[in-house]
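Chemist: need a structure here:
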Amino acid sequence: MPMITENIQPKSRTRQGKVYSDEETTNTYHAELVPKKWIRIWGTFRNHVDGPQEFDRKFEIGDWAEYDSYNLIYDGKIVGIGKKSVVILSYPDSNSGRRHQLDLHTFCWRNWDYDRERIAAKNAETSMYI
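Modeler: Numbers count the residues shown, from 1 in each chain. Here you go, the predicted structure:
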């Protein structure tokens with residue numbers, strides 16, 4: 001039976017004993033998932049350049065997804081889907097892979113527009129300059 005989580009918000013952070021809670025974001029993220037099988041994310045991503053963009057994506061165990069970025073975008077295979085998080089294995093084809101656990105908000109934020117070919121092209125171009 002699928003579980004549905006609506007209006008996913010970022011977690012509060014604590015620093016030096018003080019709790020910092022993010023205000024509600026302008027983006028709306030929703031998720032429907034079956035633990036250990038698949039997750040579907042949908043909603044609206046808003047930014048000041050492109051305006052609101054609707055999205056609806058489904059990921060299954062074994063699919064690729066983004067887990068981090070800085071100059072390059074890092075992605076890996078989804079190896080776990082839980083009620084509150086998604087686990088992605090970096091470098092899945094080697095013995096040096098590491099597991100990255102993303103909460104639902106972070107997973108939605110990083111993967112609402114996931115496109116593996118676009119990421120590979122962007123990383124190849126960026127690698128020429130760093």
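Chemist: Glu32 contacts Met1, correct?
Modeler: No: look at Glu32 against Met1 with C-beta atoms under 8 Å: they stay out of range, at 10.7 Å. Using the backbone N, CA and C atoms, a C-beta is placed for each residue, glycine as well.
Chemist: comparing these two, which residue is more hemmed in?
Modeler: The residue with more neighbours, out of Glu32 and Met1, is Glu32; 15 against 3, by other C-beta atoms under 10 Å.
Chemist: bridged to that one, which residues?
Modeler: Ile4, Arg40 (DSSP bridges).
Chemist: could you list the buried residues of the one helix or strand Tyr67 maps to?
Modeler: Secondary-structure assignment from DSSP states H and E places Tyr67 in strand 64-69. Neighbour counts over strand 64-69 (16 or more other C-beta atoms under 10 Å) mark Trp64, Ala65, Glu66, Tyr67 as buried.
Chemist: tell me what it is packed against?
Modeler: strand 73-81, strand 85-90, strand 99-103, helix 104-111 (3 or more C-beta pairs under 8 Å, 6 or more residues apart in numbering; DSSP states H and E).
Chemist: contacting residues around it?
Modeler: 59, 73-78, 86, 88, 90, 100, 102, 107, 110-111, 114, 116, 119 (C-beta atoms under 8 Å, 6 or more residues apart in numbering).
Chemist: can you pull the contacts of Trp109?
Modeler: Asn27, Tyr29.
Chemist: ok, it to Arg99 distance?
Modeler: 19 Å (C-beta to C-beta, to the nearest Å).
Chemist: just Lys77 next, same as before
Modeler: 10 Å.
Chemist: what does Glu125 give?
Modeler: 28 Å.
Chemist: comparing the two, which shows the higher neighbour count?
Modeler: Shown here are Glu125 and Arg99; by other C-beta under 10 Å, Arg99 has more neighbours (12 against 9).
Chemist: cool, thanks, signing off.
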